[in-house]
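Trainee: this one's sequence-less:
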Ligand code: ZN
Ligand code: ZN
C-alpha cells in the first residue's frame, strides 16, 4: 500500500489515506516521491471549483523523486535516477498535439495526475501527496543533478506554466517583458525571463513587493495603481505574462503593450470582467492564454533551469501541515511555493 493524503469529499480537510498503486507495467517507472509542490489548483481540485473533481482526491502534480524500479521495456530511465512528474500522466498519443509532444492540448483530453478516471486500482489517478507513484515513461521527466530537489519540485507546474508562453512568444535578449503578479507563477516568470536576457518589469499593486521582485531578477517595478507610472510605461512592452489568479480588469495592462504585442494569461481559469476593445484595436494587440506545457518543452525547461541554476523559492512543510498551507495560500501568504517533504508522511 502507498501512504497518501486525501480529501474524501468536496472541500473536506485532507487526511491520511492508504491507496493502492498499479503493478509496474512494461513501460512504467516506479517513483519514490521525495517532494511535492503545492499548487493553487490543488485547492481548486479539493473544492471542486471546476466541477470535474472526483473523490477521494489525492492532489499534487509538482512531483520530484527517484526511480525505484522500471518496467522491462523502459529505455529512458534507470533505478536511482532523479525524476519529475507534472500535471498529466497520459494522453491519447495519436492526435496532432500529442504527436508534437504538446500533450496539454490533447484533443481527446489528457489524463490528469490526480482525479482522472483510470483502470488503476481505485479507478482514479492519485497525485503527489503520497510517497510513491507509477507513471508511463513517456510522461516522466529528468531532473538535472545540480538542482536542489525540494526547490525543483515547483518547476513541474509553476515553472513550465511560466516557461511555455515565454518561449512560445519568443522572448529574447533585450525584450521588455512585464510579469504581472508576484506569486508562485510570477516569481518563476521573473527568474526565467531574466535568464532569457529580457529586461524584466515586475507589475504589481504592492509597493512592498518591489524589493523582493528585484532580488528575484526584476530590473524595474511598476506599481499598477500608479496612473502616472502606468502612463510612462504605455506602449513599451514586447510581452506581458499575466499571472493574476483572480478575476480582474485587464484593460489597464493592455495599453502597456507595443504594436502587435501579446499579453498571455496563465493564472486564471474563470470569467474576466468585460473588456473594452479599444486597446486591442489601437495597437493590434492580442490577449492570449497558455496551459502548462508538454513533455518535450517541460524537459527543455528543466534543462534550461539546470543550466541557469533556477529553482523556486519555497517553504518546506510537513505532510500534516498541508491544510494550514492551503489556508495560507488562499490569503496569498507564501513565498513563493509550499513544498511537502514526503519523508514526513
Ligand atoms: Zn499546478
Ligand atoms: Zn492526444
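Mentor: Perfect, I can see it now. Source: prediction; values computed, not measured. Ligands and ions are numbered 1, 2, ... in the order given.
Trainee: doesn't residue 59 make contact with residue 46?
Mentor: Yes: using Cβ atoms under 8 Å, residue 46 is in contact with residue 59, at 6.2 Å. From N, CA and C alone the C-beta is placed, and that goes for glycine too.
Trainee: what's the overlap in contacts for the two?
Mentor: Counting by Cβ atoms under 8 Å, 6 or more residues apart in numbering, the shared contacts of residue 46 and residue 59 are 7, 14.
Trainee: Comparing these two, which residue is more hemmed in?
Mentor: More neighbours surround residue 59 than the other of residue 46 and residue 59, with 29 against 26 (other Cβ atoms under 10 Å).
Trainee: Run a quick neighbour tally on the closest residue to that one other than its chain neighbours.
Mentor: Nearest residue to residue 59 in three dimensions, chain neighbours excluded: residue 42, at 3.7 Å (Cβ to Cβ, 6 or more residues apart in numbering). Residues near residue 42, counting by other Cβ under 10 Å, number 29.
Trainee: do you know how far the closest residue in space to residue 310 that isn't next to it in sequence is from residue 198?
Mentor: Spatially, and ignoring its direct neighbours in sequence, residue 310 is nearest to residue 191 (5.0 Å; Cβ to Cβ, 6+ apart). Separation of residue 191 from residue 198 (Cβ to Cβ, to the nearest Å): 11 Å.
Trainee: OK, contacts around the closest residue to ligand 1 within the stretch 201-345 of the chain?
Mentor: Taking Cβ to the ion, ligand 1 has its nearest neighbour within the stretch 201-345 of the chain at residue 292, 7.3 Å off. By Cβ under 8 Å, 6+ apart, residue 292 lies in contact with 86-88, 104, 157, 160-161, 164, 298.
Trainee: Rebuild those as a markdown table, extending it with neighbour count.
Mentor: Formatted as a markdown table, the contacts of residue 292 follow (neighbours: other Cβ atoms under 10 Å):
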| residue | neighbour count |
| --- | --- |
| 86 | 29 |
| 87 | 25 |
| 88 | 22 |
| 104 | 23 |
| 157 | 29 |
| 160 | 29 |
| 161 | 29 |
| 164 | 23 |
| 298 | 27 |
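Trainee: Cross the residues you listed against helices and list the overlap.
Mentor: 160-161, 164, 298 (DSSP state H).
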